[in-house]
Each structure stands twice: as C-alpha cells, then as structure tokens.
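# missing the sequence, but the structure's below:
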C-alpha cells in the first residue's frame, strides 16, 4: 500500500478549497474580484503540484529506460561474443 504524501494531501485540500469557494460564491458572500483571485491561486497551486508529480514520474521513467538500454547493450555484446566464438570453431 502506498503512503500518503504531503503533496497528495495538499492537492486534495486545494481541490476542497476550490469547491468550497464555489459554494460560497453561490451563496453570494465574497465579491467577484476576491473570489476570482482566490480561485486562481487555488487552481494554480494545484496545477503546480500536478506538474511536479508528472515531472517526477518522467524522471523515473527516463532512468528506467536508461537501465533497460544498458541491459540491451550488454545482451548485444554478449550475443556478438557468442557469434565470434562460434565462427572461430
């Protein structure tokens, strides 16, 4: 089971704040300007968290591909060695 990270909690808290602000706007409490500023701040913060998560995933994927590439090169070298040994017989 995966552990709950602070970034995940922050993301869902920001989503909750956006939804709360929308309901608060429906009841007519905040002014339009303050609501738009708050909504923009919440959405931009959640987007930053999403992009950070995507970049971390991309970084791990790139590292995995490098490992696979190295393994394939080792396998290719080993196959060339086998072919060379077979021809010399």
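Yep, it's here. All of these numbers come straight from a predicted model, not from anything done at the bench.
# Low-confidence stretches in the chain?
Per-residue confidence of the chain (counting by pLDDT under 70) places the weak regions at 1-2, 89.
# show me where it has helices.
Counting by DSSP state H, one finds helices in the chain at the ranges 6-26, 32-87.
# Touching the shortest one from outside, list them.
When you say that, I think you mean helix 6-26. Contacts of helix 6-26 with the rest of the structure, by Cβ atoms under 8 Å, 6 or more residues apart in numbering, involve 30, 35, 38, 39, 42, 43, 45, 46, 49, 50, 52, 53. From N, CA and C alone the C-beta is placed, and that goes for glycine too.
# how close does residue 45 sit to residue 87?
Summarising the geometry, the distance separating residue 45 from residue 87, computed by Cβ to Cβ, to the nearest Å, is 64 Å.
# okay, the two: which has more neighbours?
Remark: of residue 45 and residue 87, residue 45 carries more neighbours, 16 against 7, as counted by other Cβ atoms under 10 Å.
# Now the more buried one: closest residue in space, sequence neighbours ignored.
The spatially closest residue to residue 45, leaving aside those adjacent along the chain, is residue 14, at 5.3 Å (Cβ to Cβ, 6 or more residues apart in numbering).
# Run a quick neighbour tally on the one you found.
What residue 14 shows, counting by other Cβ under 10 Å, is a neighbour count of 19.
# quick one: it from residue 67, how far?
Plainly put, residue 14 is 35 Å away from residue 67 if you go by Cβ to Cβ.
# still on that earlier bit, among the helices of the chain, which is the most enclosed?
Across the helices of the chain, averaging neighbours per residue (mean count of other Cβ atoms under 10 Å) puts helix 6-26 on top, at a mean of 13.
# now the angle between helix 32-87 and that one, please.
On the basis of axes from the mean of the first three to the mean of the last three Cα atoms, to 10 degrees, helix 6-26 is oriented at 150 degrees to helix 32-87.
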